[in-house]
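Student: model this:
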Amino acid sequence: MKKVLYGVLIILLLMVVWYKFIYLPKTTYQTVHLEQKDVKQEIFATGIVDSEIIYQISSNSTGKITNIFVKEGDRVKSGQVLAIIDGVDLKEKIEEDKYNIAKVHSTKASILNKIEEAKAKYTLANTQLKRYEKLHKDAFVSDIEYDNIKLSLVIADASLKALENDKITLDNELNRLDAVSKGTKEKLKNLILLAPSDGILVQKEIEIGDTAVIGKVLFKIVNPKDIWIKGYIDEAISDSLKVGQDATIFLRSKGDETVDGFVKKIDLVSDPITNEREIGVKFKNIPKQFFLNEQAEVMVVTKTFKNTFLSDRKNIVTYENKVGLWLLKENKALFTPIKILTYMANTSTVAVEGNLKIDDVIIIPEENKKELFNGANVNI
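Tutor: Numbers count the residues shown, from 1 in each chain. Predicted coordinates for the structure are as follows:
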């Protein structure tokens with residue numbers, strides 16, 4: 001009898017131990033109440049301070065820099081002279097062109113006088129031929145005299161045509177020399193480097209005495225109104241981003257201070273390596289001071305959800321191929337499907353919607369606990 005009693009006691013003790021140290025820990029869960037508030041769907045992008053347009057000034061001629069009138073950081077006006085390239089050779093060429101053009105004009109004037117003389121000789125020879133035709137017909141002049149008169153007309157005509165051809169040749173030469181002269185003068189203009197726009201000179205790559213090479217960028221100018229943030233966002237979250245949306249800009253140099261902006265551009269092509277899309281975010285107010293390539297961050301609110309429920313990501317599970325939360329109902333587990341609206345930036349909080357109420361209690365699932373199912377007993 002004692003053995004039976006001891007056996008029962010041992011079994012009861014084992015049941016108590018199992019219940020207290022195995023069953024209870026496996027079925028006891030922590031819980032949390034649902035939160036509810038307005039949630040902003042935000043997209044964050046990292047980038048740098050850049051310019052939508054950067055004016056690059058280069059030379060169309062090769063030569064030494066004789067004068068520079070600006071330095072980095074200067075504000076310049078459109079059309080302002082930045083630098084001058086040595087143009088001694090071109091100035092000599094312009095004088096040479098002038099001399100050649102004047103010489104051809106002088107020759108042309110002489111040809112025009114000769115043409116007038118040739119026209120007079122041709123007219124006279126033609127008049128004489130008509131008179132001699134009648135005299136020859138009436139046998140008052142010999143065949144030799146008549147032939148000489150006809151030859152005089154032929155010679156006068158040939159001389160006139162030769163002079164007119166010379167005039168055409170001189171006109172062509174004048175056109176050629178004028179074109180050369182205009183080209184030389186245009187090259188001389190190119191030796192004066194001008195600012196193409198109002199702005200700030202952000203880069204100077206030349207000094208007095210250096211040689212300017214055709215195509216080499218010598219100056220860079222940025223207009224403050226063109227300053228923006230060139231940012232990059234993951235294409236996976238870019239669908240809700242739209243041109244014109246308001247943005248908040250964080251500049252590294254300003255600490256926690258923010259600047260208002262808006263989305264100006266969204267690139268149509270993503271980077272195939274980083275899977276990022278480039279965006280341009282303009283400042284609403286033109287910055288008085290800026291630093292190109294400064295690190296920046298951009299936050300864009302793409303949507304606001306009113307009175308939305310919040311949950312930690314770790315509370316969201318998949319059950320029977322559905323995403324949802326385990327709710328505690330009369331000490332039993334009840335799976336409730338949800339829809340994830342947005343992920344809160346830099347936190348583990350998620351905005352969700354579903355058949356939920358503000359007083360609902362969420363069961364926090366744990367891997368080392370007993371697997372939950374609808375109707376499972378839950379201790380808290």
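Student: check the secondary structure at S78 for me.
Tutor: Classification of S78 using DSSP: H, G, I helix; E, B strand; the rest coil returns coil.
Student: please read the previous query as pertaining to D239.
Tutor: Going by three-state DSSP: D239 is coil.
Student: check Q56 too.
Tutor: What three-state DSSP gives for Q56 is strand.
Student: okay, and the beta partners of the closest residue to it other than its chain neighbours?
Tutor: Nearest residue to Q56 in three dimensions, chain neighbours excluded: V217, at 4.7 Å (C-beta to C-beta, 6 or more residues apart in numbering). Bear in mind the C-beta positions are built from the backbone N, C-alpha and C, glycine included. Here V217 sits in beta bridges with S58, as judged by DSSP bridges.
Student: surely V217 and I57 touch.
Tutor: Yes - between V217 and I57 there is a contact at 7.1 Å, judged by C-beta atoms under 8 Å.
Student: neighbour-wise, which of these two wins?
Tutor: Between V217 and I57, counted using other C-beta atoms under 10 Å, I57 has the larger neighbour count: 20 against 13.
Student: ok, now which ones touch that one?
Tutor: 82, 193-196, 217-221 (C-beta atoms under 8 Å, 6 or more residues apart in numbering).
Student: do that again at 6 Å, thanks
Tutor: 193, 218-219 (C-beta atoms under 6 Å, 6 or more residues apart in numbering).
Student: repeat for G280
Tutor: By C-beta under 6 Å, 6+ apart, the contact set of G280 is 228, 264-265.
Student: of the residues you listed, which is the most crowded?
Tutor: Within the contacts of G280, most neighbours by other C-beta under 10 Å means W228, with 26 neighbours.
Student: sticking with it, tell me its helix or strand.
Tutor: Using DSSP states H and E, W228 sits within strand 227-234.
Student: ok, the residue nearest to I363 when sequence neighbours are not counted - how many residues close by?
Tutor: Distances taken as C-beta to C-beta, 6+ apart put W326 closest to I363, at 4.1 Å, once the chain neighbours are dropped. Counted with other C-beta under 10 Å, residues neighbouring W326 total 25.
Student: and W326, which of the three is it?
Tutor: Going by three-state DSSP: W326 is strand.
Student: wait, it touches L372, no?
Tutor: Yes - W326 is in contact with L372 according to C-beta atoms under 6 Å; the separation is 5.4 Å.
Student: mind listing the shared neighbours of those two?
Tutor: Taking C-beta under 6 Å, 6+ apart as the contact rule, the neighbours common to W326 and L372 are A333.
Student: you'd agree K93 is in a helix?
Tutor: Yes - note on K93: a helix contains this position according to three-state DSSP.
Student: beyond the helix or strand bottoming out on mean pLDDT in the chain, next helix or strand please.
Tutor: Among the helices and strands of the chain, helix 24-27 carries the lowest confidence by mean pLDDT, DSSP states H and E, at a mean of 52. Downstream of helix 24-27, the next assigned helix or strand under DSSP H and E is strand 31-33.
Student: show me the contact partners of that following strand.
Tutor: Contacts of strand 31-33 (C-beta under 6 Å, 6+ apart): 328, 361-363, 380.
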